[in-house]
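A.B. asks: After the sequence you'll find the predicted model.
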Amino acid sequence: MSASSAPPVAEHLDVLVVGAGISGIGAGRHLKTALPSKTFAILEARAASGGTWDLFRYPGIRSDSDLHTFGYEFKPWRDEQSVADAPRILSYLRETVAENGLDAHIRHHHKVLSASWSSDRARWTVHVERTDTGERTTLTCSWLFCASGYYRYDQGYTPHFEGRERFRGTIVHPQHWPEDLDHAGKRVVVIGSGATAVTLLPAMAGTAAHVTMLQRTPSYIMPVSKNDVIANALKKYLGQERGHALTRRKNIAQQRFVWSFCRRYPKAARRFIRRVNARQLPEGYPVDEHFNPPYDPWDQRLCAAPDGDLFKAVRAGKASVVTDRIATFTEDGVRLESGRELGADVVVTATGLNVQAFGGIRITVDGEEVRPSDTVAYKGVMLSGVPNLAFSIGYTNSSWTLKVGLLCEHFCRLLAHMDASGHDICRPEPADPAMPTRPFLDFGAGYIRRAVDRLPRQGDRMPWLTSMDYHSDVRLLRADSVVDPELHFTRAGAGTEVEGEPGTEAEGEPGAGG
């Protein structure tokens, strides 16, 4: 073959980050500041950065965590709103991109199809499709960092509804909200009781004729203040940096207290939430029918109602909650199993997400396909038997980004250690192959239960447990050494694995010691 006809050499990068949402942007910033000599790119399948906060466009979309903890530790949240709407969050994320020079690293319209690892070459070969042109390209990288979250962007979850095709109105899923949908003066039925439904009800009630939240099972809903008075005072008198840091510590402690109290004293927590709900609702309202779930608090995530907006809409008569099951759609609404019919012009199926591990990327290691469900998560950041692949999954019991930040720090420390020790390959392996395992996300939400057999597992001990405790993770991911007996390091072509020795990390390694 002549030199002119030789295939082009694929571009090689030290790190390839998949996804330019809140996790991918955070990973890019950590790489740029902690490891400035590393080459990296952030591949984003969509035309814009921001992930969830750019994808979802339904009315009222907002966070259900405070932005002092949902935002980044390194970038203060300056807005007065603590529980913020999507435009404010998106502005914050894009400010982060601009301030850290990440625009040059983000490649839009780049969807990763597959990634294959070669131990001989100590690199990933990544196949990418341009979503705007259909062109396919190949990149190679030393590390793959999956920051794509855990649900499908192209498809929400909608169960089968009998008679759906008969309905003469509009049916819409929140994940695919039409820009031209006008619900003003119309009867709206929102099917679901999770965070999306709890957000949609008050947001649509302002202009709709009436909004009904139709739920099979109630959720725990708590009013929270949209503006954190203490946070705003701290930032005013101590400055943005110190005020943000103190507010963050306050809110981390508060989240942990609420979760721990609910898990330790579920009956008392249930009574407290019911009492708060009853005070927010009209006198004589059937609280136990519509706001008393059959499970304990934090078996599933608690829903937040900023400034009690959902309860205000119910008190004003603009919205209502119905607990029942759908028998069938009719031409003009839905008929329930109780025989009652709810008239509707618009039906919103806020019925959940479809979980997808690692963005649906097909992963192979030395020719063998990796099934995530056959792997065990190591420190919640790597997979057993899979070299040089990291991923970011946040907390389910507090702000997502709290864990993502720690994972990114740990990842950068790990790369710095490998550079210092001269290793190319890093592979976690359980010392006991027969170690008992359980689902990676031990969480009762429907979207997790539907996908549990497609997700990695977790073990029965550290470092194979999926921690949901921030302070434990600070010790594990920030303060402790990256060296571990069950994390094996090799050099390309060396053929033998070595375990790192405690104390071999480079002095002054980024992030060490917290």
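C.D. replies: Done, it's in.
A.B. asks: from here on, contacts and neighbour counts on C-alpha atoms
C.D. replies: Noted.
A.B. asks: I'd guessed Gly359 sits against Ala115; true?
C.D. replies: No - look at Gly359 against Ala115 with CA atoms under 8 Å: they stay out of range, at 11.6 Å.
A.B. asks: Show residues contacting stretch 301-320.
C.D. replies: Residues from elsewhere that reach stretch 301-320 (CA atoms under 8 Å, 6 or more residues apart in numbering): 64, 83, 194-195, 198-199, 201-202, 205-206, 208-213, 219-226, 280-282, 321, 396-397, 445.
A.B. asks: What subset of the residues you listed is buried?
C.D. replies: 64, 83, 194-195, 198-199, 201-202, 205, 208-213, 219-224, 226, 280-282, 321, 396-397, 445 (16 or more other CA atoms under 10 Å).
A.B. asks: model confidence over stretch 311-324, on average?
C.D. replies: Averaging pLDDT along stretch 311-324 yields 97.
A.B. asks: cool, stretch 392-403 as well?
C.D. replies: In this model, stretch 392-403 has an average pLDDT of 88.
A.B. asks: residue closest to the middle of this protein?
C.D. replies: Central residue of the chain (CA atoms, centre = their mean): Gly149, 5.0 Å from the mean position.
A.B. asks: Next one: the spatially closest residue to that one that is not a sequence neighbour from Leu144, what distance?
C.D. replies: The spatial neighbour of Gly149 that comes closest, neighbours along the chain excluded (CA to CA, 6 or more residues apart in numbering), is Ile393 at 6.4 Å. For Ile393, the distance to Leu144 equals 15 Å [CA to CA, to the nearest Å].
A.B. asks: Those two: which has the busier surroundings?
C.D. replies: Leu144 (25 against 21; other CA atoms under 10 Å).
A.B. asks: list the contacts for that one?
C.D. replies: Per CA under 8 Å, 6+ apart, neighbours of Leu144: Val15, Leu16, Val17, Val18, Trp124, Asn388, Leu389, Ala390.
A.B. asks: and for stretch 337-353, what are the contacting residues?
C.D. replies: 151-152, 155-159, 168-174, 183, 186-194, 196-197, 324-327, 332-336, 446-447.
A.B. asks: got the CA positions of that stretch in CSV?
C.D. replies: In CSV, the C-alpha atoms belonging to stretch 337-353 read as follows (Å, rounded to 0.1, in the frame of the first residue of the first chain):
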residue,chain,number,x,y,z
GLU,A,337,-60.9,1.8,37.6
SER,A,338,-63.2,3.4,40.2
GLY,A,339,-65.5,4.3,37.3
ARG,A,340,-64.8,8.1,37.5
GLU,A,341,-63.9,9.9,34.3
LEU,A,342,-61.4,12.7,34.1
GLY,A,343,-62.0,15.1,31.2
ALA,A,344,-58.8,16.3,29.5
ASP,A,345,-57.7,18.3,26.6
VAL,A,346,-54.0,17.6,27.3
VAL,A,347,-52.6,14.5,29.0
VAL,A,348,-49.0,14.6,30.2
THR,A,349,-47.4,11.2,30.8
ALA,A,350,-44.9,12.1,33.5
THR,A,351,-44.3,8.4,34.0
GLY,A,352,-40.6,8.3,34.3
LEU,A,353,-37.3,7.7,32.5
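A.B. asks: Can you give me the buried ones in that stretch?
C.D. replies: Neighbour counts over stretch 337-353 (16+ other CA under 10 Å) mark 341-353 as buried.
A.B. asks: pLDDT on it, on average?
C.D. replies: Averaged over stretch 337-353, pLDDT sits at 93.
A.B. asks: Run the chain-centre distance for that stretch.
C.D. replies: Using CA atoms, centre = their mean, to the nearest Å, the mean C-alpha position of stretch 337-353 is found 27 Å from that of the whole chain.
A.B. asks: same question, stretch 89-107
C.D. replies: Taking CA atoms, centre = their mean, one finds the center of stretch 89-107 at 18 Å from the center of the full chain.
A.B. asks: try stretch 368-383
C.D. replies: Put simply, stretch 368-383 sits 18 Å off its chain's centre (CA atoms, centre = their mean).
A.B. asks: Then stretch 371-389?
C.D. replies: Per CA atoms, centre = their mean, the centroid offset for stretch 371-389 relative to its chain is 18 Å.
A.B. asks: if I look at Glu44, how far off is Gly51?
C.D. replies: 9 Å.
A.B. asks: Which neighbours do the two have in common?
C.D. replies: In terms of CA under 8 Å, 6+ apart, Glu44 and Gly51 are both contacted by the residues Gly19, Ala20.
A.B. asks: Can you name the secondary structure element that comes next after the helix or strand hosting Gln254?
C.D. replies: Using DSSP states H and E, Gln254 maps to helix 240-264. Downstream of helix 240-264, the next assigned helix or strand under DSSP H and E is helix 266-280.
A.B. asks: Pull the contacting residues for the residue nearest to Gly149.
C.D. replies: Ala147, Gly149, Tyr150, Gly380, Val381, Trp400, Lys403, Val404.
A.B. asks: So what's the residue count around the first one?
C.D. replies: Counted with other CA under 10 Å, residues neighbouring Ala147 total 27.
A.B. asks: For it, grab phi and psi.
C.D. replies: Note on Ala147: backbone dihedrals following degrees, to the nearest 10 are phi -120, psi 40.
A.B. asks: and the closest residue to Phe40 other than its chain neighbours, bridged to which residues?
C.D. replies: Nearest residue to Phe40 in three dimensions, chain neighbours excluded: Val15, at 4.7 Å (CA to CA, 6+ apart). Legend: beta-bridge partners of Val15 under DSSP bridges are Phe40, Trp143.
A.B. asks: that older thread, the residue nearest to the centre of the chain touches Ser392, doesn't it?
C.D. replies: Yes - contact criterion CA under 8 Å: Gly149 and Ser392 qualify, at 7.1 Å.
A.B. asks: which residues do those two both contact?
C.D. replies: Common neighbours of Gly149 and Ser392, using CA under 8 Å, 6+ apart, are Ser23.
A.B. asks: Helices of this protein, start to end?
C.D. replies: Ranges of helices in the chain, per DSSP state H, are 22-34, 52-55, 67-70, 86-99, 195-205, 229-238, 240-264, 266-280, 287-290, 309-315, 400-421, 446-449, 470-473.
A.B. asks: For the third one, enumerate the helices and strands it packs against.
C.D. replies: Other elements packing on helix 67-70 under the criterion 3 or more CA pairs under 8 Å, 6 or more residues apart in numbering; DSSP states H and E are helix 240-264, helix 400-421.
A.B. asks: Reformat those as a markdown table; add distance to Leu93 and mean neighbour count.
C.D. replies: Putting these into a markdown table (distance: least, CA to CA, whole Å; neighbours: other CA atoms under 10 Å) gives the following:
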| stretch | distance to Leu93 | mean neighbour count |
| --- | --- | --- |
| helix 240-264 | 16 | 17 |
| helix 400-421 | 12 | 22 |
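A.B. asks: so which of these comes closest to Arg57?
C.D. replies: Among these, the nearest to Arg57 by CA to CA is helix 400-421 (20.2 Å).
A.B. asks: How far does that closest one sit from its chain's centre?
C.D. replies: Averaging C-alpha positions (CA atoms, centre = their mean) puts helix 400-421 18 Å from its chain's average.
A.B. asks: got the CA positions of that helix in CSV?
C.D. replies: Taking C-alpha atoms only, helix 400-421 is exported to CSV below (Å, rounded to 0.1, in the frame of the first residue of the first chain):
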residue,chain,number,x,y,z
TRP,A,400,-26.1,14.5,42.6
THR,A,401,-23.0,16.7,42.0
LEU,A,402,-21.7,16.3,45.6
LYS,A,403,-20.4,12.8,44.6
VAL,A,404,-19.5,13.7,41.1
GLY,A,405,-17.0,16.3,42.3
LEU,A,406,-15.3,13.8,44.6
LEU,A,407,-15.2,11.2,41.8
CYS,A,408,-13.5,13.7,39.5
GLU,A,409,-10.9,14.6,42.1
HIS,A,410,-10.2,10.9,42.7
PHE,A,411,-9.9,10.3,39.0
CYS,A,412,-7.3,13.0,38.6
ARG,A,413,-5.3,11.8,41.5
LEU,A,414,-5.3,8.3,40.1
LEU,A,415,-4.0,9.6,36.7
ALA,A,416,-1.3,11.6,38.5
HIS,A,417,-0.2,8.5,40.5
MET,A,418,0.0,6.4,37.3
ASP,A,419,2.2,9.1,35.7
ALA,A,420,4.5,9.2,38.7
SER,A,421,4.8,5.4,38.9
